[in-house]
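> I would like the atomic coordinates for the input below:
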Amino acid sequence: MVATGITEDGNREVLGLMVGDSESETFWKEFLRSLRERGLSGVRLVAAVRKVMLGASWQRCRVHWGVHEYV
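Below you'll find the model as predicted:
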């Protein structure tokens, strides 16, 4: 998993990287804790729902995109 952020200047930065089972709750807890322990703070998590947040920028998971493309 790669976490990226966008600076106030509009530049993208890699915030964290971890290899593991990204489908597990344990993985996500560890990943998010590692970001927090390294000083990440003041972050707002936003659920971008097309009907509510028109024009919101998001990227679909490549694995799930491929799986659902052929179902």
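> from here on, contacts and neighbour counts on C-alpha atoms
Fine.
> Output stretch 1-21 in PDB with nothing but the alpha carbons.
In PDB, the C-alpha atoms belonging to stretch 1-21 read as follows (Å, rounded to 0.1, in the frame of the first residue of the first chain):
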ATOM      1  CA  MET A   1       0.000   0.000   0.000                       C
ATOM      2  CA  VAL A   2       1.300   3.500  -0.800                       C
ATOM      3  CA  ALA A   3      -0.200   6.500   1.000                       C
ATOM      4  CA  THR A   4       0.300   9.800  -0.900                       C
ATOM      5  CA  GLY A   5      -0.600  13.300   0.100                       C
ATOM      6  CA  ILE A   6      -0.700  16.700  -1.700                       C
ATOM      7  CA  THR A   7       1.200  19.600  -0.200                       C
ATOM      8  CA  GLU A   8      -0.200  23.100   0.000                       C
ATOM      9  CA  ASP A   9       1.900  23.800  -3.100                       C
ATOM     10  CA  GLY A  10       0.100  21.100  -5.000                       C
ATOM     11  CA  ASN A  11       3.000  18.600  -5.100                       C
ATOM     12  CA  ARG A  12       2.400  14.900  -4.300                       C
ATOM     13  CA  GLU A  13       4.500  13.200  -1.700                       C
ATOM     14  CA  VAL A  14       4.700   9.600  -0.600                       C
ATOM     15  CA  LEU A  15       3.700   9.500   3.100                       C
ATOM     16  CA  GLY A  16       4.100   5.800   3.700                       C
ATOM     17  CA  LEU A  17       4.700   2.400   2.100                       C
ATOM     18  CA  MET A  18       3.800  -1.000   3.500                       C
ATOM     19  CA  VAL A  19       3.500  -4.500   2.000                       C
ATOM     20  CA  GLY A  20       0.800  -6.800   3.400                       C
ATOM     21  CA  ASP A  21      -2.700  -8.100   3.200                       C
END
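> Distance check, the residue nearest to Met18 when sequence neighbours are not counted against Thr26.
Nearest residue to Met18, sequence neighbours excluded (C-alpha to C-alpha, 6 or more residues apart in numbering): Met1, at 5.3 Å. Distance, Met1 to Thr26, by C-alpha to C-alpha, to the nearest Å: 13 Å.
> circling back: could you tell me how many residues sit around the residue nearest to Met18?
For Met1, the tally of surrounding residues (other C-alpha atoms under 10 Å) stands at 13.
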